[in-house]
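Trainee: For reference, the sequence and a predicted model appear below.
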Amino acid sequence: AQTVTQSQPEMSVQEAETVTLSCTYDTSESDYYLFWYKQPPSRQMILVIRQEAYKQQNATENRFSVNFQKAAKSFSLKISDSQLGDAAMYFCAQTNSGYALNFGKGTSLLVTP
Amino acid sequence: DAGVIQSPRHEVTEMGQEVTLRCKPISGHDYLFWYRQTMMRGLELLIYFNNNVPIDDSGMPEDRFSAKMPNASFSTLKIQPSEPRDSAVYFCASSSSETGLQETQYFGPGTRLLVL
């Protein structure tokens, strides 16, 4: 069975600072995909960033970047220059080529002024 | 382009009633997914379709749940009869194989269901 683990139920960061959210996963496949989704209080699931397992280069989207460690099965999300609007639940997700997303339990991020 | 559209956004019903949730995927997307989010179980896949055909319904909790996709632009998830434990947020998501990014799913706003 595939599992995704987010060990930090809650995190806090000051505005303009950097925070890293952790995620580990377990899969026996060599070809898979990893994602971070953001869920603000509106409940909308918003795609933040995506990483293909076959790519060694870490994905980056503006202030969001990942640290993908394939051997360790680790996929952390770094948010730089944190903004108040970044406050949300963040979900790590993994899928093989079979398309169903396996989600972690989420990390609640609080951004303080 | 419009994103994934779900209706209704909120639904309150009484136990035993039939509930129908609706989804319109992003135009041109050939994969459609139904997920359920609860505090206890988190986000879990219920069923997904490819080109309107159900591919994997192993996540459907029991016979009270059914899903259909009569055409490429419309899907329904029906619960009959509904029970209080069905209370959750139900998400629809879609993706496209044509872009080579079929693993990337885009979510609708969700339907918050409360069964009394």
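Mentor: That came through fine. Residues are numbered from 1 along each chain as shown, chains lettered A, B, ... in the order given.

Trainee: so who does the residue nearest the centre of chain B touch?
Mentor: For chain B, B:Trp34 is the residue whose C-alpha lies nearest the centre (C-alpha atoms, centre = their mean; 3.0 Å). By C-beta atoms under 8 Å, 6 or more residues apart in numbering or on different chains, the contact set of B:Trp34 is B:Cys23, B:Leu45, B:Leu46, B:Ile47, B:Tyr48, B:Ala67, B:Ser75, B:Leu77, B:Tyr90, B:Phe91, B:Cys92. Heads up, the C-betas are built off the backbone N, CA and C, glycines and all.

Trainee: can I assume the third one is in contact with B:Ala67?
Mentor: Yes - at 7.1 Å, B:Leu46 counts as touching B:Ala67 under the criterion of C-beta atoms under 8 Å.

Trainee: which residues are common contacts for the two?
Mentor: By C-beta under 8 Å, 6+ apart, the residues touching both B:Leu46 and B:Ala67 are B:Trp34, B:Asp57, B:Met60, B:Leu77.

Trainee: pLDDT of the helix or strand harbouring B:Tyr90, averaged?
Mentor: Here B:Tyr90, judged by DSSP states H and E, is contained in strand B:88-95. Across strand B:88-95, pLDDT averages out at 96.

Trainee: What of stretch B:22-41?
Mentor: pLDDT averaged over stretch B:22-41 gives 94.

Trainee: Listing request: residues of chain A with sub-threshold pLDDT.
Mentor: Filtered on pLDDT under 70, chain A yields the residue ranges A:1-2, A:97-98.

Trainee: Spell out which residues of it are next to chain B.
Mentor: Residues of chain A lying near chain B by C-beta under 8 Å from any C-beta of the partner chain: A:33, A:35, A:37, A:42-47, A:50, A:91, A:95, A:97-101, A:103-106.

Trainee: are any of those residues buried, and which?
Mentor: Using 16 or more other C-beta atoms under 10 Å in any protein chain shown as the burial test, these include A:33, A:35, A:37, A:43-45, A:47, A:50, A:91, A:95, A:99-101, A:103-106 as buried.

Trainee: residue in chain A nearest to chain B?
Mentor: As assessed by C-beta to the nearest C-beta, chain B sits closest to A:Met45 within chain A, at 3.7 Å.

Trainee: quick one, what contacts that residue?
Mentor: Here A:Met45 is in contact with A:Tyr37, A:Lys38, A:Gln39, A:Phe91, B:Phe91, B:Ala93, B:Phe107, B:Gly110 (criterion: C-beta under 8 Å, 6+ apart).

Trainee: mind running it again at 7 Å?
Mentor: By C-beta atoms under 7 Å, 6 or more residues apart in numbering or on different chains, A:Met45 lies in contact with A:Tyr37, A:Gln39, B:Phe91, B:Phe107.
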